[in-house]
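# show me the folded form of this:
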Amino acid sequence: MERQLQVLLISLILICPTAIAVKVGYWPASDLPPSSVDASLYTHLLYAFADLNPQTYEVTVFAANQESIALFTSTVQKSNPSVKTLLSIGGGNAKMEDFSTMAADSSLRKKFIGSAISLARQYSFHGVDLDWEYPQTLADMENWGQLFTEWKAAVVEESGTSGKDPLLLTAAVYFSN
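Have a look, this model is predicted:
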């Protein structure tokens, strides 16, 4: 375990040699207004959570959160212009079966990816985070890997088409076999 940690730290240093620390926080949309966030404490803030619509397999935001999501990035960047914001999808209350179904089907993955990128751009996020709790099987993990391979390719393609910086992609995921 110690060796794995050393390799991870060395990898992070090689990827981003000027980074001192990454300080990430999830902001629960329903608890506080975006103006209450002290963004100076973070390098990355995640808007928690957008949802996976189980009928369309597209990423959606509840109507009650429309105002807060629209203000999130601009509000937190007033106190910290360099903070990166990400739209986090899923969370502990999401139905894992919906993510499993989506990730197992290439056409549903495409709908999910397209809607996630579109929503992130619509609300000026710097990236997207997938909080799929918890993949249950080896097939889920293989499909998760396929999802991220396709998502990364779609982000690169969208960046080339739009001329904007590529969206960041992160994930909070756990699997135990």
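# which residues does the helix or strand containing Gly145 contact?
Using DSSP states H and E, Gly145 sits in helix 138-162. With contact meaning Cβ atoms under 8 Å, 6 or more residues apart in numbering, helix 138-162 is reached by 99-100, 102-104, 106, 109-110, 112-114, 116-117, 121, 128, 130, 132, 135, 164-167, 169, 171, 173, 175, 177. C-beta: built from backbone N, CA, C; applies to glycine.
# same check, this time on stretch 95-111
Residues outside stretch 95-111 that contact it (Cβ under 8 Å, 6+ apart) are 52, 54, 56-58, 90, 112, 132-137, 139-140, 143-144, 146-147, 150-151.
# stretch 35-46 - what's its average pLDDT?
The average pLDDT for stretch 35-46 rounds to 91.
# quick one, helices of this structure?
Using DSSP state H, the helices of the chain run over 2-15, 66-79, 96-103, 106-122, 138-162.
# right, and Val61 touches Ala50 too?
Yes - contact criterion Cβ atoms under 8 Å: Val61 and Ala50 qualify, at 5.3 Å.
# more neighbours: the two, which one.
Ala50 (28 against 20; other Cβ atoms under 10 Å).
# check what pLDDT Phe175 gets.
60.
# could you tell me the angle between the longest strand anywhere in the chain and helix 66-79?
In the chain, taking DSSP state E as the definition, the longest strand is strand 44-52. Orientation check (axes from the mean of the first three to the mean of the last three Cα atoms, to 10 degrees): strand 44-52 against helix 66-79 gives 170 degrees.
# elements contacting strand 44-52?
strand 24-28, strand 59-60, helix 66-79, strand 84-90, helix 96-103, helix 106-122, strand 127-132 (3 or more Cβ pairs under 8 Å, 6 or more residues apart in numbering; DSSP states H and E).
# pretty sure Ser115 is touching Asp51, no?
No - between Ser115 and Asp51 there is no contact under Cβ under 8 Å: 10.9 Å.
# anything in contact with each of the two?
Common neighbours of Ser115 and Asp51, using Cβ under 8 Å, 6+ apart, are 59-60.
# number of residues surrounding Gly114?
Gly114 - counted by other Cβ under 10 Å - has 15 other residues nearby.
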